[in-house]
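> no sequence on this one, just coordinates:
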């Protein structure tokens, strides 16, 4: 099948940031997270990419999540993280290719250990052939939706393989797990830190979301102070409350002064709502160390409060759907 031809602009038709949904792509293994980072780095370093049939121009941010048997490719503005286009890609046509990817990868590692040049070259040839087949299939399935060249499709397939085995298959509509929503002004600092801590301390025991009253952008200081305690926040994408799919939460926690009113306007169904006013470290004045100190204070304060409060929530009787 012939693909829709497209002329790419190398300065604007490209991905400059990739983030992963921490609710549906989960791992606490540093080696697995490291593999994600390598795949993301390779994709961002060199790619040609653009959503079809949209007025927005690039460059773009790509947010990836896995829902059921679909991988969601969510294209956003890299500065504001406002949505541009999103496509659900069925993983069914890629099952054999994903299995073969891991089989060939193990064979490649074994060949390196034995030091057999012939075996390494043979496996490497099979690996290239697999990547080419998967890339062509990816481009075909996304034709006239998300456009990319062959090399970009190869790198995107590698990233899909890296994250797919660690997908959380929880259907939030049917789950009996407690649900928690953290809300702050821009979903850049306070609410994503709180949500990340909740996922760290209660893995598989809660469904946690975070959102902002308005659109924000990723914060480098958040990445730095959370990395200090072993949490990778480079995968975070800011979301607004308008993007929430769920409309009911067992517990809503607001962290900024403008959040309670916004929650009320949104008309969420809540089991309970609590207001934890937290200072915004982005407003801290001073040198780098002073700013970092404010971020660490926020992180440590939220660590204690999140653990104490959510321990009571997960210990409560399981709700019946």
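Looks like it arrived, so ask away. Keep in mind that this is a model prediction, so the values were computed, not measured.
> how near is the closest residue to residue 258 other than its chain neighbours to residue 190?
For residue 258, the nearest residue in space outside its immediate sequence neighbours is residue 213; the separation is 5.2 Å by Cβ to Cβ, 6 or more residues apart in numbering. C-beta: built from backbone N, CA, C; applies to glycine. Using Cβ to Cβ, to the nearest Å, we find residue 213 at a distance of 11 Å from residue 190.
> before we move on, back to that, I'd assumed residue 188 was in contact with the residue nearest to residue 258.
No. Under the criterion of Cβ atoms under 8 Å, residue 213 makes no contact with residue 188, lying 11.2 Å away.
> which sections of this structure are below the confidence cut-off?
By pLDDT under 70, the low-scoring segments of the chain are 1-5, 26-32, 108-116, 118-120, 123-124, 165-175, 234-235, 245-246, 317-321.
> so where's the longest helix in it?
Counting by DSSP state H, the longest helix found in the chain is helix 288-315.
> mind listing what residue 292 touches?
Listed by Cβ atoms under 8 Å, 6 or more residues apart in numbering, the contact set of residue 292 reads 221, 224-225.
> check residue 155 too.
If you count contacts by Cβ under 8 Å, 6+ apart, then residue 155 has 39, 42-43, 46-47 around it.
> isn't residue 284 right next to residue 291, touching?
Yes. Distance between residue 284 and residue 291: 4.9 Å, which falls inside the contact criterion (Cβ under 8 Å).
> ok, back up a step: who has more neighbours out of residue 213 and residue 190?
Each of residue 213 and residue 190 has its neighbours counted (other Cβ atoms under 10 Å); residue 190 has more, 31 against 24.
> can I assume that one is in contact with residue 184?
Yes. Look at residue 190 against residue 184 with Cβ under 8 Å: they come within range, at 3.9 Å.
> for the protein, just list every one of the helices.
30-45, 95-114, 117-141, 150-163, 190-201, 220-227, 259-266, 288-315.
> which parts of the last one are buried?
Along helix 288-315, the positions that meet the burial threshold by neighbour count (16 or more other Cβ atoms under 10 Å) are 291-292, 294-296, 298-299, 302-303, 305-306, 310, 313.
> I'd like those residues as a markdown table, with distance to residue 271 appended.
Putting the buried residues of helix 288-315 into a markdown table (distance: Cβ to Cβ, whole Å) gives the following:
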| residue | distance to residue 271 |
| --- | --- |
| 291 | 36 |
| 292 | 36 |
| 294 | 32 |
| 295 | 31 |
| 296 | 32 |
| 298 | 26 |
| 299 | 27 |
| 302 | 21 |
| 303 | 23 |
| 305 | 18 |
| 306 | 17 |
| 310 | 13 |
| 313 | 9 |
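> what's the neighbour count on residue 278?
What residue 278 shows, counting by other Cβ under 10 Å, is a neighbour count of 21.
> please apply the same query to residue 176.
Residue 176, neighbours per other Cβ under 10 Å, totals 9.
> ditto for residue 89
Here the number of neighbours of residue 89 (other Cβ under 10 Å) works out to 21.
> so who does it touch?
The neighbourhood of residue 89, defined by Cβ under 8 Å, 6+ apart, consists of 70-73, 138, 141-142.
> closest to residue 14 among these?
residue 73 (14.9 Å; Cβ to Cβ).
> so what's the closest one bridging to?
residue 64, residue 87 (DSSP bridges).
> burial count for residue 182?
The number of residues packed around residue 182, counting by other Cβ under 10 Å, is 29.
> bridging residues for it?
Residue 182 forms beta bridges with residue 210, residue 253, as assigned by DSSP bridges.
> my guess is it contacts residue 251. True?
No. In this structure residue 182 lies outside contact range of residue 251 using Cβ under 8 Å: 9.4 Å.
> let me have the helices of the chain in JSON lines, extended by distance to residue 56.
Written out in JSON lines, the entries for the helices of the chain read as follows (distance: least, Cβ to Cβ, whole Å):
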{"stretch": "helix 30-45", "distance to residue 56": "19"}
{"stretch": "helix 95-114", "distance to residue 56": "31"}
{"stretch": "helix 117-141", "distance to residue 56": "21"}
{"stretch": "helix 150-163", "distance to residue 56": "18"}
{"stretch": "helix 190-201", "distance to residue 56": "24"}
{"stretch": "helix 220-227", "distance to residue 56": "24"}
{"stretch": "helix 259-266", "distance to residue 56": "25"}
{"stretch": "helix 288-315", "distance to residue 56": "32"}
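> list residues touching both of residue 213 and residue 190?
Jointly contacting residue 213 and residue 190 under the rule Cβ under 8 Å, 6+ apart are 184, 256.
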